[in-house]
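A.B. asks: Please work out how this folds:
(one chain, ligands or ions: 2)
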Amino acid sequence: MNLIDFLFKNRNWKEFRDNLWENIRIVPIIAVTLGLISFFKAFNIVLLTVYRGIGIIPITGLIVILCVSAYYLFISWPSKSTNTTKLVGKEILFNPSEIFYPELTKVGVTGLGFVGKTTLVNGLKQKPNPFKRTQILTLHITTSAEYPLKYFGILDGEGSNYSQQFEVINNSDILIILLDHNDQISGYQKLDEERLRESSQYQIQLRNSLKQKQKKFERIHILLNKSDLWSQMIPKEKATLEEWFVVEVERWKGSGFASYISSDKNHSSINQNNCTLILSKLSTNND
Ligand SMILES: Nc1nc2c(ncn2[C@@H]2O[C@H](COP(=O)(O)OP(=O)(O)OP(=O)(O)O)[C@@H](O)[C@H]2O)c(=O)[nH]1
Ligand SMILES: [Mg+2]
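C.D. replies: Numbering: from 1, shown residues only. Ligands and ions are numbered 1, 2, ... in the order given. Got it, this is the predicted structure:
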């Protein structure tokens with residue numbers, strides 16, 4: 001890599017502008033410059049004997065100004081950002097302070113363990129679905145399907161690890177909340193009321209934490225997952241589930257944690273078509 005690339009490529013120039021603004025203290029600069037000039041002026045005669053005939057005051061002033069400018073450029077120079085385009089389709093460990101260029105919209109996927117978060121994330125990336133339980137917090141880089149391309153970083157953590165779930169939420173611009181009717185493979189065609197209670201409780205904790213942090217999302221999208229399974233339940237259980245979902249969505253709508261809150265009760269993360277459209281919907285604020 002040559003020096004020009006090192007200095008200028010993949011730097012976060014927005015940060016540079018902010019840094020410079022923060023670092024420059026115009027008053028001290030002027031004071032130091034004037035101070036130095038007057039200092040040299042006081043010793044003008046001595047200095048003139050050293051640098052005979054070189055117009056010592058303008059030259060000294062210029063040197064001071066150049067040094068001060070170089071110092072401020074140095075301390076404000078932007079950090080290296082990660083090149084997003086090279087990571088499309090990839091999964092990396094999540095580091096909250098990592099800066100990406102082009103910028104990423106961070107989409108957090110949250111919900112209880114086994115609700116289908118990783119299955120959804122794989123669907124959003126249009127990748128086959130290798131089944132493994134999530135253990136670490138990861139960021140999955142992907143793009144919208146149409147131009148102009150938008151880059152998304154999808155955050156996926158372990159559902160039963162609440163601190164990972166809170167990290168997902170605190171670092172997201174858009175939040176997808178996944179809900180379901182049952183997490184037991186053997187009881188997939190039945191409504192588990194205990195699961196609904198646990199899920200309601202989890203959402204209350206989420207809202208409490210968001211309230212404390214005064215966090216606001218660009219958008220919240222709530223999905224009732226596993227519709228391929230719960231659509232086969234008896235009508236009474238189906239009605240209970242749908243009513244519960246409506247109540248949960250209303251609670252979010254009343255919370256004011258996003259300017260736009262949408263939902264879809266007929267979602268199935270194992271259905272690729274269901275997943276494909278989500279990112280373009282989310283980036284255009286369509287339902
Ligand atoms: N039939 C059906 N199965 C689903 C659906 N979504 C997820 N699953 C299954 O549910 C199980 C759990 O899915 P995961 O995506 O691993 O769930 P998770 O929320 O990431 O779980 P943790 O990482 O443990 O928090 C897997 O067996 C998935 O295949 C769905 O829409 N329909
Ligand atoms: Mg998972």
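A.B. asks: can you pull out the strands in the protein?
C.D. replies: Per DSSP state E, the chain carries strands over the ranges 82-83, 91-93, 100-101, 105-110, 138-143, 151-156, 174-179, 219-224, 261-264.
A.B. asks: what pairs with the most centrally placed residue in the chain across the strands?
C.D. replies: Nearest to the mean C-alpha position of the chain, by Cα atoms, centre = their mean, lies K106 at 3.3 Å. Counting by DSSP bridges, K106 forms beta bridges with G153.
A.B. asks: follow-up on the earlier one: would you mind giving the strands of the chain as CSV with mean pLDDT and distance to ligand 2 added?
C.D. replies: No exception for glycine: its C-beta is placed from N, CA and C like everyone else's. Formatted as CSV, these follow (pLDDT from 0 to 100; distance: least, Cβ to the ion, whole Å):
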stretch, mean pLDDT, distance to ligand 2
strand 82-83, 90, 24
strand 91-93, 93, 12
strand 100-101, 89, 23
strand 105-110, 96, 9
strand 138-143, 94, 9
strand 151-156, 96, 6
strand 174-179, 98, 10
strand 219-224, 97, 15
strand 261-264, 95, 20
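A.B. asks: Now G159. Nearest residue, chain neighbours left out?
C.D. replies: G113 (3.3 Å; Cβ to Cβ, 6 or more residues apart in numbering).
A.B. asks: since we're on that neighbour, how many residues are nearby?
C.D. replies: Applying other Cβ atoms under 10 Å, we find 14 residues neighbouring G113.
A.B. asks: low pLDDT regions in the stretch 151-287 of the chain?
C.D. replies: Residues of the stretch 151-287 of the chain that meet the criterion pLDDT under 70 lie in 185-187, 285-287.
A.B. asks: thinking again about what came up before, so how far is F245 from the residue nearest to G159?
C.D. replies: Look at G113 and F245: by Cβ to Cβ, to the nearest Å, they are 19 Å apart.
A.B. asks: quick one on the thing from earlier: assess the claim that the residue nearest to G159 and Q164 are in contact.
C.D. replies: No - applying Cβ atoms under 8 Å as the test, G113 and Q164 come out as separate, 10.8 Å apart.
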